[in-house]
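Q: Following is a predicted model, sequence given first.
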Amino acid sequence: MVSAPGKVIVYGEHAVVHGKAAIAAALSLRCYLLVTPLPKTAHKLTLRFPDIGLDHSWDIELLPWDTFSAPGKKKYYFDTVERLDNQLMNEIKPLVADIPGKVLQASAVAFLYLYLMLGSKYAPASIYTLRSTIPIGAGLGSSASISVCLSTALQLQMGTLATPFNGMMSNETQLQLKRINNWAFVGEMCIHGNPSGVDNTVATGGKAVLFKRTDYSLPPQVTHMSNFPELPLLLVNTKQPRRTSEQVANVHSLLSAHPEITNSLLDSIDRITLDAHRIISNPEFSAQPGSMDLVQLGELIRINHGLLVSLGVSHPKLERIRELIDYTGIGWTKLTGAGGGGCSITLLKPNVKQNVLDDLDTKLSKEGFEKYKTTLGGDGVGVLWPAVIRADKEVEITQNMFLAADGVEGVEDLVGVGAIGKGNQGWRFWREWIPVGSEFTLH
Ligand SMILES: Nc1ncnc2c1ncn2[C@@H]1O[C@H](COP(=O)(O)OP(=O)(O)OP(=O)(O)O)[C@@H](O)[C@H]1O
Ligand SMILES: C[C@@](O)(CCO)CC(=O)[O-]
């Protein structure tokens with residue numbers, strides 16, 4: 001079993017697609033992928049993604065292996081793929097034609113593209129069962145998290161990655177993370193068209209990063225923010241579904257229609273992100289009552305949201321949440337992720353009164369919004385191998401057990417890091433992420 005976190009973009013979404021900086025941190029909400037290998041005689045490849053109602057099988061031998069391995073098309077696990085190949089995408093389309101709806105098809109296409117690139121016609125068939133505690137299409141990186149899980153699981157299965165172990169050399173760990181991230185980016189391209197790569201980078205490495213990609217033919221610049229503070233954040237979901245690809249396309253259209261104005265909005269977002277990075281990276285940073293640092297970060301959140309509204313990626317429901325929170329005066333609010341619905345984050349002021357929070361909770365749930373409790377800056381991609389319950393090592397986590405886990409809590413209780421624990425007998429992570437405070441390239 002493998003697992004990867006969702007993420008929160010604290011500053012810089014959308015601008016990051018256009019070469020500007022963004023700050024993002026890993027969430028404690030995660031996605032889990034169980035791989036069940038079948039006997040050699042089985043030829044069927046099955047995806048079981050119950051969160052979106054996808055249950056589909058393909059005969060491995062009937063997949064378009066020849067086209068994917070043709071000269072000029074074949075890619076290896078150590079290659080970097082910067083864009084999708086249209087001819088290969090056209091080969092995949094008929095394989096998902098009878099899967100209903102764009103949401104299910106996007107996940108199936110991402111899986112097949114990665115499987116045909118990284119897998120083999122002769123590898124034993126498997127069932128891939130996925131459960132996620134990340135709300136889908138809500139701005140919290142659900143697609144990046146599944147892309148990281150697929151990239152990791154397939155490379156582990158093909159033997160091109162090693163399960164992390166204590167003492168794994170730092171350069172080997174970084175190389176493996178780079179390969180996971182590269183192929184997760186390919187999955188992201190299948191799902192949302194024109195990703196910046198920030199979401200899969202955070203889902204791969206965890207913690208918090210300053211991310212910038214000025215030239216898509218070059219690697220992104222990723223700075224690990226080792227001192228990312230425990231910011232008091234409130235996360236609220238509008239439950240308004242939307243697709244990231246459409247929101248990103250809307251900003252591209254605005255840029256074509258009003259290039260100068262749109263570019264100045266994106267430049268301002270870039271400056272906001274860099275200023276926030278400067279404040280957070282100051283060794284004297286304090287989030288204590290009376291400190292101006294929190295106020296400045298809050299103001300930057302508010303300005304960032306205003307610019308996202310101008311880019312046209314807010315939604316009346318996001319504005320309603322902001323209105324309800326602004327009336328209480330408890331903090332500063334912005335949308336997070338692609339917008340158009342999805343989630344908002346609020347940076348809370350110190351010493352907010354509990355009764356004010358309770359009152360706000362009631363109002364939010366009365367209007368159908370959902371609040372999440374979560375922490376930021378956790379681990380990136382992890383492996384649980386063998387996938388067994390630790391309290392009784394004989395008990396293997398079967399597909400049926402995994403599918404029967406009841407909701408988010410059921411999944412976390414059965415397979416979560418808290419339930420099974422970390423270390424050699426539990427979840428293992430590629431810990432040596434980016435050298436602390438340094439800039440690191442991921443291609
Ligand atoms: N649990 C899941 N099971 C299967 N597919 C999923 C799951 N979670 C996400 N997906 C895939 O990811 C897509 C959602 O990705 P999208 O990029 O639109 O939103 P997001 O990643 O949640 O938000 P953002 O990109 O703003 O952070 C879905 O359409 C689906 O294809
Ligand atoms: C909207 C966007 O900036 C963030 C989505 O989480 C898109 C991307 O960076 O790929």
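A: Sure thing, it's come through. Ligands and ions are numbered 1, 2, ... in the order given.
Q: quick one: stretch 271-289 near ligand 2?
A: No - counting by CB under 6 Å from any ligand atom, ligand 2 has no neighbours in stretch 271-289; the shortest distance is 11.5 Å. (C-beta placed from N, C-alpha, C; glycine too.)
Q: Could you export that stretch as CSV, keeping only the C-alpha atoms?
A: What follows is stretch 271-289, C-alpha atoms only, in CSV (Å, rounded to 0.1, in the frame of the first residue of the first chain):
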residue,chain,number,x,y,z
ARG,A,271,5.2,39.7,-4.9
ILE,A,272,2.7,38.7,-2.2
THR,A,273,4.1,35.1,-2.2
LEU,A,274,7.7,36.3,-2.0
ASP,A,275,6.9,38.8,0.8
ALA,A,276,5.1,36.0,2.8
HIS,A,277,8.2,33.8,2.3
ARG,A,278,10.4,36.6,3.6
ILE,A,279,8.2,37.0,6.7
ILE,A,280,8.0,33.3,7.4
SER,A,281,11.7,32.7,6.8
ASN,A,282,12.8,35.3,9.2
PRO,A,283,14.4,33.5,12.2
GLU,A,284,12.6,36.0,14.5
PHE,A,285,9.2,35.1,13.0
SER,A,286,6.5,34.9,15.7
ALA,A,287,2.8,33.9,15.6
GLN,A,288,2.3,35.0,19.2
PRO,A,289,-0.4,37.5,20.3
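Q: Could I get the average pLDDT for it?
A: Across stretch 271-289, pLDDT averages out at 93.
Q: Only the buried residues of it, if you could.
A: Neighbour-count burial for stretch 271-289, counted by 16 or more other CB atoms under 10 Å, picks out 272-277, 279-280, 285, 287.
Q: List of residues touching it?
A: Contact with stretch 271-289 is made by 10-12, 15, 20-23, 210, 223, 225, 227-232, 293-294, 296-297, 300, 303-304, 307, 350-351, as judged by CB atoms under 8 Å, 6 or more residues apart in numbering.
Q: just the strands in the stretch 201-350 of the chain please.
A: With DSSP state E, counting those that start in this stretch as the definition, the stretch 201-350 of the chain shows strands at residue ranges 208-212, 221-224, 233-237, 331-336, 343-348.
Q: got the contact list for the third one?
A: If I follow you right, that is strand 233-237. Strand 233-237 has contacts (CB under 8 Å, 6+ apart) with 8, 135, 138, 321, 325, 331, 336, 342-348, 364, 369-372, 374, 376.
Q: what's the angle between that strand and strand 343-348?
A: Here strand 233-237 points in a direction 160 degrees away from that of strand 343-348 (axes from the mean of the first three to the mean of the last three CA atoms, to 10 degrees).
Q: Buried residues, strand 233-237. List them.
A: Buried residues in strand 233-237, counted by 16+ other CB under 10 Å: 233-237.
Q: Now the strands of the stretch 201-350 of the chain in JSON lines, please, with extra columns for mean pLDDT and distance to ligand 2.
A: Below are the strands of the stretch 201-350 of the chain laid out as JSON lines (pLDDT from 0 to 100; distance: least, CB to the nearest ligand atom, whole Å):
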{"stretch": "strand 208-212", "mean pLDDT": "96", "distance to ligand 2": "9"}
{"stretch": "strand 221-224", "mean pLDDT": "92", "distance to ligand 2": "13"}
{"stretch": "strand 233-237", "mean pLDDT": "95", "distance to ligand 2": "14"}
{"stretch": "strand 331-336", "mean pLDDT": "97", "distance to ligand 2": "8"}
{"stretch": "strand 343-348", "mean pLDDT": "95", "distance to ligand 2": "10"}
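Q: Same list, those strands, but as JSON lines with distance to L118 please.
A: Output for the strands of the stretch 201-350 of the chain, formatted as JSON lines (distance: least, CB to CB, whole Å):
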{"stretch": "strand 208-212", "distance to L118": "25"}
{"stretch": "strand 221-224", "distance to L118": "23"}
{"stretch": "strand 233-237", "distance to L118": "33"}
{"stretch": "strand 331-336", "distance to L118": "31"}
{"stretch": "strand 343-348", "distance to L118": "32"}
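Q: Closest residue of the stretch 151-300 of the chain to ligand 1?
A: Ligand 1 sits closest to T244 of the stretch 151-300 of the chain, with a gap of 3.3 Å, by CB to the nearest ligand atom.
Q: ok, of the contacts of strand 233-237, which come out buried?
A: For the contacts of strand 233-237, a neighbour count by 16+ other CB under 10 Å gives the buried set as 8, 135, 138, 321, 325, 331, 336, 342-348, 364, 369, 372, 374, 376.
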